[in-house]
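Undergrad: curious how this folds, go ahead:
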Amino acid sequence: MSDEAGESRMESVSEKSDTKPASSDSTSAEGKQMPLEDSNLTEATTSTMSADKNLPSSPRTPRSSNGLGRLLWLSDRVQAARQTTFGPNQPGWAEYDAARHAKDGVVQIGETGQSSWAVLLLERDATSLLVRAHAAREKLELSGGPISESDWETARNVPAIQEAWINLSALQSTTLVAATGPQGDHAIASLAVPQRKAFAIGLHEFVTAIAEPLEFEANRLGRALFARYTRVTLAAVGVLVFVALIGSWIGSKFEKPNIALHQRVEVSSQYPGAGEDHALLVDGDRTNLGFHTECQGGWAIIDLGAPKKIDKVVVYNRTEYPERAVPTVIELSNDHQNFRQVAEKKEVYDKWSATGLGAQARYVKLRNKSSNCFHLAEVEVY
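TA: Residues are numbered from 1 along each chain as shown. You can find the predicted model right below:
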């Protein structure tokens, strides 16, 4: 028993010892393979990242227009109008264009279908063309010849045609089908006068109603462009007004003051009943009569109150008889006795600016060298 037990223990130990190296080998093998797997994973990740770097970046969606373009230039609206406007090379345009010319012919004739066979036939033909134009735009197939009853049933699937159709009386709709059918000319010629007048009224309303939607679509771009130019024009006017106001404000802030304003005025003589208030010569109003001397020449002196630097004198002539003030002489003085001439105007004027004087004086004298009456509206000194 002891020998068998000993052998059994030896076999057990042997199995355990045999098992351990296998486990160790397996562990060792796994330990050697793991770095290879990690290396492969790293290489794959690096390759993927490199590939991502080489991929082109997704383009940004460009803005259709900026805020100013949408608000002022109406870029979105005009672009949409260009894409949706009914125009040449589109289905139904040829028929619409021909119908438009037929309607122009009606206008030129200047009569109605009630009294003119020509107008009645033109509006009948315009109706046929417009029906075909609507059908082509809606991708509805009509027969190639005159419009048949089945064609009318198909065409009435177009909302504009159906809406105009229901406004016709039974007699008018029946006559319209006959007038646009294979025997259309005979059907119209056979109408009695009362029937023809009734049909002419309904036909005119019908052709006008079905033409309006197509005209609206054909003029879509024109309306958008008109709105654009109107808005741009209004904006430009607004900018000009704003600039003018700013310029006026800046000018008023930086312009030298009129040192003659409300100063004392002395006149050589007084013409009875005219220009008697000499203060009006320096009141700032350039339209009234500042003074009026007797008709023997004369002068007016403005007292600035003290010697002041004078660069410019602006003289506003009287509106009536401006030639009387010519020639006008400007003279300056500091003592009211000795005057020196600094400027002269020999041509007839409404406004005269004597600039670049660069003088200093207390008294500014306006003198008429002729023997006429002397009268001015306003004098400003800067």
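Undergrad: just the helices from the stretch 201-350 of the chain, written as ranges.
TA: Taking DSSP state H, counting those that start in this stretch, the helices of the stretch 201-350 of the chain run over residues 220-254.
Undergrad: same question, the stretch 1-150 of the chain
TA: Secondary structure of the stretch 1-150 of the chain, counting by DSSP H, counting those that start in this stretch: helices at 2-54, 67-68, 75-84, 93-109, 117-137, 149-155.
Undergrad: lowest mean pLDDT across those, which one is that?
TA: If you rank those by mean pLDDT, helix 2-54 sits at the bottom with a mean of 40.
Undergrad: domain ranges for the protein?
TA: The chain breaks down into these domains under automatic domain parsing: 86-218, 264-381.
Undergrad: residue ranges with poor pLDDT in this protein?
TA: Applying pLDDT under 70 to the chain flags residues 1-65.
Undergrad: longest strand of it, counting residues only.
TA: Determined from DSSP state E, the single longest strand within the chain is strand 298-310.
Undergrad: what residues of that strand count as buried?
TA: Going by neighbour count (16 or more other C-beta atoms under 10 Å), the buried part of strand 298-310 is 298, 299, 300, 301, 302, 304, 310. For glycine as for every other residue, the C-beta is placed from the backbone atoms N, C-alpha and C.
Undergrad: who's the third one bridged to?
TA: The residues listed as beta-bridge partners of residue 300 by DSSP bridges are residue 267, residue 366.
Undergrad: that one reaches residue 268, doesn't it?
TA: Yes - if you go by C-beta atoms under 8 Å, residue 300 and residue 268 touch, sitting 7.3 Å apart.
Undergrad: overlap in contacts of the two?
TA: 293, 374 (C-beta atoms under 8 Å, 6 or more residues apart in numbering).
Undergrad: how far does stretch 132-141 sit from its chain's centre?
TA: Its chain's C-alpha centre and that of stretch 132-141 lie 35 Å apart, by C-alpha atoms, centre = their mean, to the nearest Å.
Undergrad: how close does the closest residue to residue 143 other than its chain neighbours sit to residue 171?
TA: Leaving aside its sequence neighbours, residue 143 sits nearest to residue 151 (C-beta to C-beta, 6 or more residues apart in numbering; 5.6 Å). Remark: distance between residue 151 and residue 171 (C-beta to C-beta, to the nearest Å) = 20 Å.
Undergrad: same question for residue 69.
TA: 55 Å.
Undergrad: with residue 150 instead?
TA: 21 Å.
Undergrad: picking that back up, residue 151 and residue 171 - which one has more neighbours?
TA: Taking neighbours as other C-beta atoms under 10 Å, residue 151 and residue 171 compare with residue 151 leading, 22 against 12.
Undergrad: show me the contacts for that one.
TA: Going by C-beta under 8 Å, 6+ apart, residue 151 touches 131, 142, 143.
Undergrad: and residue 321, by the same measure?
TA: By C-beta under 8 Å, 6+ apart, the contact list for residue 321 reads 373, 375.
Undergrad: do I have it right that residue 310 meets residue 379?
TA: No - Residue 310 lies out of contact with residue 379 (C-beta under 8 Å); the separation is 11.9 Å.
Undergrad: so what's in contact with these two at the same time?
TA: residue 364.
Undergrad: give me the number of residues near the closest residue to residue 118 other than its chain neighbours?
TA: Leaving aside its sequence neighbours, residue 118 sits nearest to residue 109 (C-beta to C-beta, 6+ apart; 5.9 Å). Neighbour count for residue 109, taken as other C-beta under 10 Å: 13.
Undergrad: likewise the one 10 residues further on?
TA: A count of neighbours around residue 119, defined by other C-beta under 10 Å, yields 21.
Undergrad: excluding its backbone neighbours, what's nearest it?
TA: The shortest distance from residue 119 to any non-neighbouring residue, by C-beta to C-beta, 6+ apart, is to residue 113 (4.5 Å).
Undergrad: kindly report the same for residue 172.
TA: That would be residue 202: by C-beta to C-beta, 6+ apart, it lies 3.5 Å from residue 172.
Undergrad: who touches that neighbour in this structure?
TA: Residue 202 makes contact with 167, 168, 169, 172, 173, 175, 176 under the criterion C-beta under 8 Å, 6+ apart.
Undergrad: again, but for residue 111
TA: With C-beta under 8 Å, 6+ apart, residue 111 has these contacts: 118, 119.
Undergrad: distance-wise, check residue 321 relative to residue 373.
TA: Distance of residue 321 to residue 373, given as C-beta to C-beta: 8 Å.
Undergrad: same question but for residue 128, I mixed them up
TA: 83 Å.
Undergrad: which residues does residue 256 contact?
TA: By C-beta under 8 Å, 6+ apart, the residues touching residue 256 are 311, 382.
Undergrad: quick check: it vs residue 143, distance?
TA: Separation of residue 256 from residue 143 (C-beta to C-beta): 87 Å.
Undergrad: and for residue 315?
TA: To residue 143, residue 315 is 87 Å away according to C-beta to C-beta.
Undergrad: which one of these two has more residues nearby?
TA: Between residue 315 and residue 143, residue 315 has the larger neighbour count (other C-beta under 10 Å), namely 22 against 10.
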